[in-house]
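structure here, sequence nowhere to be found:
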């Protein structure tokens, strides 16, 4: 009789790094699929910045928090090893919210089939939450136009790196903001960004002036931080700002102040916040929009792989220190 | 031979109150209308918060500043007393940007005819910039729906008082923010607002909780200031914010910090800045939208009248101290 490991959330995070005390690691027997159920052996799990929000009860958040005592929520990819559900057969590869667990048992509702030949890292780096988020955010609220200039914060992150490459493929001038020289070099040398700004060391004002001489038409915000005000100061009239993430603030005890609103009037800006759960009904259309860019070889990705379910706990903190290089994936 | 008075802008404002030293009062002979010109005797002039921006050179503003040595810019109403232009005849009442002057001489381009029976104060308080701005801001970017809750800052101001009354006529719950008990009483007793908050004396958080128990769906921003963050904390998912003015900041040496952006994501807010010059092509449609509300007696106004062209100079400061009660109009 074999056993498997799961990790449950047992306490709420405080400001600052995620503590291992928030989790309980449990062992249990591998179950059998019941009526209409499937059993999936998960092979890869995605770690995402949104997880910090899922761990914290907030009546206003767009998705209910993970209940204490529940397996921690996450997206992942795996193989069906038992099926009593006509929609799945043994050997199918599936992707979806299976949680921090080596085995998933359930109805399979919400799981998507994944083509057998699709690389697992590519599936989780592009065709899962990062790609859906990048596509919805870039195209869902306004049309990026060739010749425009876009600034992407968190540009070396899983979403930002895709946004920048999509915009570049559309003929925009793309400027990425990231937190290390290595990341900045990756953006410009490997992904084809027109420029990159190291927010930790560069003079933000001088670099924006240099890299965006015609001003900024779109800003894709993943991080927050001081870059925000500088970008707004450089926005053109009728500029569009998409607010996807504020990762620099998620672990903060006090929310940081935002930029002054006078430029919103002077430049007639539109600022639009979004979260993917509002758009899950559009997933087929988003995948259809994204796929041709991938097929045409326009979209590179890199995965930062950590090994074993238990590495998830420390792994989460990489997202908030910027320690990951590429999409953070746990290999089980 | 008769003379008339004009006031020219001769220096740029510093932070703080507007100084009389910025202006030069000039006397000149009343001219005769030349070929294709009209001569208008101005009877009423509008003073508006946007004037502070018009006095300051800012390459990014939506409208060029008034040049030094030029007559100060303003909207007003007057009577045609000479005409060599077939579009106007002597005795016509006209409204438009005639500036700080007792007489306007020009082609009449941009001036609109005003019905003889329309009260001058009503024309400038409702059917000029305030009404156009209120109508564009409330209806131009999203649809206010009966049953929703809207908060209007600067609610006793020329734009805010119209926005609140339009929203009330549409069946929304309307909460106004103003700076005195007298203004708050006017909003609730005379204009029919559902509630009013005195931002100088009330506990903003407690009052919003009390007045908007179902949360806030729309925020019409005229002022900036601490109310901003409180309103955002009370916004509902998919709330819409229209940024029309930041009057509390126009005279400040340093722009104040804005609210943190995390709620923009959590609540998927849309924030939209606008300025009327972008929408001058829509004036006929805006007037058509606004007029039925006025005809149905849904829209009250009050004018704060000051006397004589030279009163404009000190009068401007009333707008930034909140000293005016109603639409500020100079009677010539």
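Noted; the coordinates are in hand. Since the structure is predicted, the reported quantities are computational estimates derived from the model, not experimental observations.

hey, let's count contacts and neighbours off CA atoms from now on
Will do.

phi first, then psi, for the residue nearest to residue A:52 when sequence neighbours are not counted.
For residue A:52, ignoring the flanking residues on the chain, the nearest one in space by CA to CA, 6 or more residues apart in numbering or on different chains is residue A:250 at 7.1 Å. Torsion angles at residue A:250 (phi, psi; degrees, to the nearest 10) stand at phi -60, psi -30.

ok, now the one 5 residues further on?
Recorded main-chain torsions at residue A:255 are phi -60, psi 140, according to degrees, to the nearest 10.

wait, what's in contact with it?
A:249, B:260, B:262 (CA atoms under 8 Å, 6 or more residues apart in numbering or on different chains).

quick one: the second one and residue A:256 touch, right?
Yes. Between residue B:260 and residue A:256 there is a contact at 5.8 Å, judged by CA atoms under 8 Å.

re the thing from before, JSON lines for the contacts of residue A:255, including neighbour count?
Shown next, in JSON lines, are the contacts of residue A:255 (neighbours: other CA atoms under 10 Å in any protein chain shown):
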{"residue": "A:249", "neighbour count": "19"}
{"residue": "B:260", "neighbour count": "18"}
{"residue": "B:262", "neighbour count": "21"}
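
that older thread, what about the residue nearest to residue A:52, neighbour count?
Residues near residue A:250, counting by other CA atoms under 10 Å in any protein chain shown, number 20.

quick one: pLDDT of it?
Here the pLDDT value assigned to residue A:250 is 74.

got the residues of chain A near chain B?
Applying CA under 8 Å from any CA of the partner chain, we find that chain A lies next to chain B at A:60-62, A:224, A:237, A:243-246, A:249, A:255-262, A:264-275.

just give the nearest non-adjacent residue to residue A:161, would you?
Sequence neighbours aside, residue A:155 is the residue nearest to residue A:161 in space, at 5.0 Å (criterion: CA to CA, 6+ apart).

give me the buried positions along the helix or strand where residue A:290 lies.
Element membership for residue A:290 (DSSP states H and E) is helix A:283-295. Neighbour counts over helix A:283-295 (16 or more other CA atoms under 10 Å in any protein chain shown) mark A:283, A:286, A:287, A:290 as buried.

can those go into a markdown table with extra columns for distance to residue A:188 and pLDDT?
Listed next are the buried residues of helix A:283-295 as a markdown table, based on distance: CA to CA, whole Å; pLDDT from 0 to 100:
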| residue | distance to residue A:188 | pLDDT |
| --- | --- | --- |
| A:283 | 30 | 90 |
| A:286 | 26 | 96 |
| A:287 | 26 | 93 |
| A:290 | 22 | 96 |
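
circling back to that earlier point, need the buried ones from the residues of chain A next to chain B selected in ChimeraX.
Restricted to buried positions by 16+ other CA under 10 Å, the ChimeraX selection for those reads:
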select /A:61,62,224,237,243,244,245,246,249,256,257,258,259,260,261,262,264,265,266,267,268,269,270,271,272,273,274,275
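
hmm, back to that, what helices and strands are in contact with whatever helix or strand comes next after the helix holding residue A:290?
Next in sequence after helix A:283-295, counting helices and strands by DSSP H and E, comes strand A:303-307. The contact analysis (3 or more CA pairs under 8 Å, 6 or more residues apart in numbering or on different chains; DSSP states H and E) places strand A:303-307 against strand A:327-331.

quick one: distance of the strand it packs on to the chain centre.
Relative to the centre of its chain, strand A:327-331 is centred 12 Å away, using CA atoms, centre = their mean, to the nearest Å.

which outside residues touch stretch A:23-30?
A:1-11, A:103, A:310, A:313.

and residue A:219, what element?
strand A:216-221.

I'd like to know which elements the helix or strand that that strand is followed by is packed against.
Later in the chain than strand A:216-221, the nearest helix or strand by DSSP H and E is helix A:227-234. Counting contacts by 3+ CA pairs under 8 Å, 6+ apart, helix A:227-234 is packed against helix A:204-211, strand A:216-221.

same for the first one, what does it pack against?
So the one you mean is helix A:204-211. Using 3+ CA pairs under 8 Å, 6+ apart, helix A:204-211 sits against strand A:195-198, helix A:227-234.
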